[in-house]
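Asks: I need the structure of the sequence given here:
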Amino acid sequence: MRRIISLSVNDEIIEKLDEFVLKNQTNRSDVVKKALRQYFYLIEMKNIRKRLRPYAEESGFFTDNDVFNEVS
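Replies: This is a model prediction of the structure:
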């Protein structure tokens with residue numbers, strides 16, 4: 001089911017959005033939907049990382065480079 005929402009943003013954001021829409025031959029709705037999906041994905045990844053951090057540190061992984069060096 002699709003639903004309509006209302007969103008209030010300032011002129012600067014509208015200008016950037018409209019410029020992006022014209023350059024990329026898309027529409028406002030698709031850009032906002034994609035941005036929201038990406039935002040929710042990033043928040044989910046942040047939460048997973050936060051939950052797993054104690055286990056990683058316990059195993060000696062403190063940075064992204066630690067993980068990268070282990071798997072490469």
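Asks: so where do the strands sit in this structure?
Replies: Applying DSSP state E to the chain gives no strands.
Asks: longest helix in it, by residue count?
Replies: helix 28-58 (DSSP state H).
Asks: counting contacts, what elements does that one pack onto?
Replies: The contact analysis (3 or more C-beta pairs under 8 Å, 6 or more residues apart in numbering; DSSP states H and E) places helix 28-58 against helix 11-24. (Each C-beta comes from the backbone N, C-alpha and C, glycine too.)
Asks: can you tell me which helix or strand of the chain has the lowest average pLDDT?
Replies: helix 64-71 (a mean of 92; mean pLDDT, DSSP states H and E).
Asks: which ones are touching residue 16?
Replies: For residue 16, the contact set (C-beta atoms under 8 Å, 6 or more residues apart in numbering) is empty.
Asks: how far away is it from residue 5?
Replies: Using C-beta to C-beta, to the nearest Å, residue 16 is found at 20 Å from residue 5.
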